[in-house]
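> can you look at this prediction? I've put the sequence above it.
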Amino acid sequence: MRSTERLPAHAGGGERIAVDVAVGVLFDAHGRFLLTSRPEGKVYAGYWEFPGGKLEAGETVEQALKRELHEELGIVIGEAEVWRVELMDYPHARVRLHFCKVRRWTGELQMRERQSAHWQELPVQVRPVLPGTVPVLCWLAQEAGFSGPTHGD
């Protein structure tokens, strides 16, 4: 499932290959969703996002999501509903984000990368929000019939 799609060059650069990323939109029993902060030392450190990570060679989106959420949060997820795909063009990389809804998991959340986590509802209260998170907030607002700003950035 890893992409080798070549995309047009970013300003001044050569061709860039989109990197596939599995992203979990975890919901609790109250319908809130989990956002985590990007850890220190990573690009966009301190920005809030939905947790997940890159697909490794030969992995499906669901396999990568299960591995990443266990590595980052210490949980074992149940079924992941592949939901939407969004291509984001960041200055450092192009990423194809595969968003999956997750409603069941076992284990207690552990912040294994020294990140923070907060359960949120619309409009989200944490700031700043990673650009790749914004479309998801809009989709969640549409599904919930929510009107108004989804975040404060």
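Received it, and whenever you're ready, just let me know what you need.

> which stretches in this protein count as strands?
Shown for the chain, the strands assigned by DSSP state E span residues 6-7, 16-17, 19-26, 33-37, 48-49, 52-54, 76-77, 80-89, 94-102, 105-106, 117-120.

> for these, give me a markdown table that also has distance to residue 67.
No exception for glycine: its C-beta is placed from N, CA and C like everyone else's. Below are these laid out as a markdown table (distance: least, Cβ to Cβ, whole Å):
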| stretch | distance to residue 67 |
| --- | --- |
| strand 6-7 | 26 |
| strand 16-17 | 21 |
| strand 19-26 | 9 |
| strand 33-37 | 16 |
| strand 48-49 | 17 |
| strand 52-54 | 8 |
| strand 76-77 | 10 |
| strand 80-89 | 12 |
| strand 94-102 | 13 |
| strand 105-106 | 13 |
| strand 117-120 | 18 |
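
> of all the ones you listed, which lies closest to residue 145?
For these, proximity to residue 145 was assessed by Cβ to Cβ; strand 33-37 is nearest, at 16.0 Å.

> same for the closest one, what does it pack against?
Strand 33-37 is packed against strand 19-26, strand 48-49, strand 117-120, with contacts defined by 3 or more Cβ pairs under 8 Å, 6 or more residues apart in numbering; DSSP states H and E.

> got those strands as a markdown table, with mean neighbour count and mean pLDDT columns?
Formatted as a markdown table, the entries for these read as follows, by neighbours: other Cβ atoms under 10 Å; pLDDT from 0 to 100:
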| stretch | mean neighbour count | mean pLDDT |
| --- | --- | --- |
| strand 19-26 | 23 | 98 |
| strand 48-49 | 22 | 98 |
| strand 117-120 | 16 | 98 |
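
> before we move on, the earlier item: so for residue 138, which of the strands of the chain sits nearest?
Within the strands of the chain, the stretch nearest residue 138 is strand 80-89; the backing value is 10.4 Å (Cβ to Cβ).

> that closest one pairs with which strands?
strand 94-102 (antiparallel) (DSSP bridges).

> now the strand it pairs with: mean pLDDT?
Model confidence over strand 94-102, given as mean pLDDT, is 98.

> now swap in stretch 136-152 and tell me
If you average the pLDDT values across stretch 136-152, you get 95.
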